[in-house]
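In: The following block contains a protein sequence and its predicted model.
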Amino acid sequence: MKTLLTMQSLPLLLLLLQPLPLQVLMQRFFGVPDQLAEELEDYADELYSTGPTKPPTKEIFQKHVIIPPVFPLYFEYDCSFEMRFRNVHDRFYCRKEHFFLPVTYEELQKTCNSKFVACRNGVKRCHKTEKIIEGLHCKLTSGIRMSGCYYETFLKKGYVLITCRWQDDIGEIIPEQVNDILEISGKQ
């Protein structure tokens, strides 16, 4: 026998039976600050979602690509270590290749205002740096998932090709990804 009370109570009961969001659990039981709890929840949502990943941000690009320009590049830079240390992956899957550049972020951001050139895949959506830059090219040698990814480190010197995108929340065009380093031949 259905009554008005049971028909209205069922949806309310189902809402109450839902698990607490991660953010609430982190705050109540572990004393994690609001902002950190929100960042952890966003990270978990992106990691386990099936949709497209969030677009890169200025902070992520700086963390994943820029290395301090004060140190000269030598083979002491180990791509396998840097990739793990900087948490560079695609939902815990190894990236096939990655680049690290010892330049300032502002220098790369200026490149986003240059004219389009062809990327490595032939699509005309890249921007080329004005200066020759020495960078690290990391190529995956073995592994599928983090932290079992192992990379070979190559030192490359040439013009850097980057893709850029607009970031709404800061109202700027930002570097999105390093496409390639066009190695120079001969001496310049």
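Out: Cool, got the structure.
In: got the residue ranges for the helices in the protein?
Out: 4-16, 22-30, 34-48, 58-65, 79-85, 105-111 (DSSP state H).
In: Provide the backbone phi and psi angles at residue 119.
Out: In terms of degrees, to the nearest 10, the main-chain angles of residue 119 are phi -80, psi 180.
In: surely it meets residue 128?
Out: No - look at residue 119 against residue 128 with Cβ atoms under 8 Å: they stay out of range, at 9.9 Å. Quick note: C-beta positions are derived from backbone N, CA and C, even for glycine.
In: who touches both of those two?
Out: Shared contacts of residue 119 and residue 128 (Cβ atoms under 8 Å, 6 or more residues apart in numbering): residue 161.
In: And the average pLDDT for the longest strand anywhere in the chain is what?
Out: The strand that spans the most residues within the chain, counting by DSSP state E, is strand 150-167. Strand 150-167 shows an average pLDDT of 93 in the prediction.
In: Quickly run through the sheet partners of that strand, with directions.
Out: With DSSP bridges as the test, strand 150-167 is paired with strand 126-128 (antiparallel), strand 133-142 (antiparallel), strand 172-183 (antiparallel).
In: neighbours of residue 63, just the number please.
Out: Residue 63 has 12 neighbouring residues, counting by other Cβ atoms under 10 Å.
In: do the same with the one 5 residues further on
Out: Other residues within reach of residue 68, judged by other Cβ under 10 Å, total 7.
In: ok, and the closest non-adjacent residue to it?
Out: Residue nearest to residue 68 in three dimensions, not counting chain neighbours: residue 102, with 6.8 Å by Cβ to Cβ, 6 or more residues apart in numbering.
In: Any stretches of this structure with poor pLDDT?
Out: Across the chain, the ranges flagged by pLDDT under 70 are 1-30, 32, 37, 40-55, 71-76, 186-188.
In: Can you check what angle separates the longest strand of the chain from helix 58-65?
Out: Here the directions of strand 150-167 and helix 58-65 differ by 160 degrees (axes from the mean of the first three to the mean of the last three Cα atoms, to 10 degrees).
In: No further questions, thank you.
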